[in-house]
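**Student:** Make a model of this:
(one chain, ligands or ions: 2)
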Amino acid sequence: MILVTGGAGFIGANFVLDWTRQSDEAVLNIDKLTYAGNLGTLKPLQDNPAHVFARVDICDRAALDALFTQYKPRAVLHFAAESHVDRSIHGPGDFIQTNMVGTFTLLEAARHHWSTLPQAQKDAFRFLHVSTDEVFGSLAPADPAFSEITPYAPNSPYSASKAGSDHLVRAWHHTYGLPVLTTNCSNNYGPYQFPEKLIPLMIASALGGKQLPIYGDGQNVRDWLYVGDHCSAIREVLARGTPGETYNVGGWNEKKNLDVVHTLCDLLDEMRPKAAGSYRDQITYVKDRPGHDRRYAIDARKLERDLGWKPAETFETGLAKTVRWYLENQTWVDEVASGDYRKWVEINYMQRV
Ligand code: NAD
Ligand code: DAU
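**Tutor:** Ligands and ions are numbered 1, 2, ... in the order given. The predicted model follows:
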């Protein structure tokens, strides 16, 4: 079986749902169930014996050792992390704990398990670390996109903690020979994304008649990838990636934030028109995020050249699918937007206007 961490979060859950649709191989899904983890997302798997869920913190070495001993996974796919940049600015401690100490603890548990395997299983074992393009820092408008050899220059507590975890993973390969793979992906969007991130936040706020808060001048650029395409890239890297290598994942979809929000408003105007006016009327400019990276762009040619991977969705098809999903699944959004979520919205947006 495979072991997935963070499989109740946005990308991890999409990965587990896709995996169980495409493979008979069982999944051990471990997740601490922070505010970002939702078992409701995994409801389609509740009667599926190929999915085993354990509520475990990746910083808990004893619990990890027990699970490795019981289930003997042939691979680890490490999604679990604190993932929201704004939260890392308000409270960096959890990011250091989960992203760095948690990754270290998981690496040690995996290394111990791996060292007990017979040689053929040892050779076949993989530890795939899911990381981000934010570790490379910020690009000027004319800079080439990030490649696998772009030097690391993280700017936020979130990206610094992810960069630290990437370095640990690299060192565990170099020093101990653990067969690791690292993917650095651009911004994801799609079903089951927590409504603190730009796209689901804007959809939920638009439908709720609230303001659509654009940080700064709205000209920051992000490179967007549909979550299903990120999952297919991870499956390819797991199956055929070379241990010790890193792979950039992206869909060549650079967009300015304001353009993304305009497109979302236009899609909503079409699919769920307001009684009067456009959702664009709800757009408001708020104080910028401190240290806000100006531009990200991913050069994903290595993944295409070496493993033949290409995204299936364009930004237009992926975004239309996503808006439709949120319109049809408002109960999911209501369930995850609990009391804690409302507190976060107050903390993050109160001092911005
Ligand atoms: P998410 O915040 O939606 O989900 C994270 C999951 O990890 C949650 O289910 C949470 O409960 C779990 N978790 C947190 N701390 C844990 C701990 N100590 N022990 C066990 N579980 C814990 O995040 P996401 O957007 O799905 O991101 C998944 C991974 O992909 C992260 O590593 C992130 O850095 C990376 N990534 C995300 C994006 C993006 O655009 N969202 C892009 C590139 C890479
Ligand atoms: O690049 C990959 C990264 O993408 C992942 O590693 C992170 O886990 C993920 O959260 C994401 O980080 P960003 O900071 O780019 O995503 P976010 O959705 O928070 O913001 C996207 C852009 O939109 C960013 O420039 C800030 C802006 N923004 C965001 C929010 C929440 C706004 O203008 N208003 C908002 O209310």
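**Student:** Please count neighbours and contacts with C-alpha atoms only from this point.
**Tutor:** OK.
**Student:** what are the ranges of the helices in the stretch 101-250 of the chain?
**Tutor:** 103-115, 119-124, 157-176, 198-207, 227-240 (DSSP state H, counting those that start in this stretch).
**Student:** looking at these, which is closest to ligand 1?
**Tutor:** Closest to ligand 1 of the helices of the stretch 101-250 of the chain, according to C-alpha to the nearest ligand atom: helix 157-176, at 6.6 Å.
**Student:** Please point out which parts of the closest one sit buried.
**Tutor:** 157-166, 168-170, 172-173 (16 or more other C-alpha atoms under 10 Å).
**Student:** would JSON lines of the helices of the stretch 101-250 of the chain with distance to ligand 1 and mean pLDDT be doable?
**Tutor:** Listed next are the helices of the stretch 101-250 of the chain as JSON lines, based on distance: least, C-alpha to the nearest ligand atom, whole Å; pLDDT from 0 to 100:
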{"stretch": "helix 103-115", "distance to ligand 1": "9", "mean pLDDT": "99"}
{"stretch": "helix 119-124", "distance to ligand 1": "23", "mean pLDDT": "98"}
{"stretch": "helix 157-176", "distance to ligand 1": "7", "mean pLDDT": "98"}
{"stretch": "helix 198-207", "distance to ligand 1": "10", "mean pLDDT": "98"}
{"stretch": "helix 227-240", "distance to ligand 1": "8", "mean pLDDT": "98"}
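**Student:** So which of the ones you listed is nearest ligand 2?
**Tutor:** helix 198-207 (3.7 Å).
**Student:** If you count neighbours, what's buried in that closest one?
**Tutor:** By 16+ other C-alpha under 10 Å, the buried positions in helix 198-207 come out as 198, 199, 200, 202, 203, 204, 205, 206, 207.
**Student:** swap in stretch 6-14?
**Tutor:** 6, 7, 8, 9, 10, 11, 12, 13, 14.
**Student:** Run a quick neighbour tally on the closest residue in space to the fifth one that isn't next to it in sequence.
**Tutor:** Counting by C-alpha to C-alpha, 6 or more residues apart in numbering, residue 193 is the residue found nearest to residue 10 once chain neighbours are left out, at 4.9 Å. Residues within reach of residue 193, counting by other C-alpha atoms under 10 Å, total 23.
**Student:** same question, the one 3 residues further on
**Tutor:** Other residues within reach of residue 196 by the criterion other C-alpha under 10 Å amount to 19.
**Student:** quick one: it and ligand 1, what's the gap?
**Tutor:** 10 Å (C-alpha to the nearest ligand atom, to the nearest Å).
**Student:** what pLDDT does residue 276 get?
**Tutor:** Looking at residue 276, its pLDDT reads 95.
**Student:** With just CA atoms, put the helix or strand of the chain with the lowest mean pLDDT into PDB.
**Tutor:** The helix or strand of the chain with the poorest confidence is helix 339-350; it has a mean of 83 (mean pLDDT, DSSP states H and E). Output of helix 339-350 as PDB, limited to C-alpha atoms (Å, rounded to 0.1, in the frame of the first residue of the first chain):
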ATOM      1  CA  GLY A 339     -16.500  29.300  13.900                       C
ATOM      2  CA  ASP A 340     -12.800  29.000  13.600                       C
ATOM      3  CA  TYR A 341     -12.900  30.100  10.000                       C
ATOM      4  CA  ARG A 342     -15.000  33.100  10.800                       C
ATOM      5  CA  LYS A 343     -12.400  34.100  13.500                       C
ATOM      6  CA  TRP A 344      -9.600  33.800  10.800                       C
ATOM      7  CA  VAL A 345     -11.500  36.100   8.400                       C
ATOM      8  CA  GLU A 346     -11.700  38.700  11.200                       C
ATOM      9  CA  ILE A 347      -8.000  38.500  12.000                       C
ATOM     10  CA  ASN A 348      -6.800  38.600   8.400                       C
ATOM     11  CA  TYR A 349      -9.100  41.200   6.900                       C
ATOM     12  CA  MET A 350     -10.000  43.400   9.900                       C
END
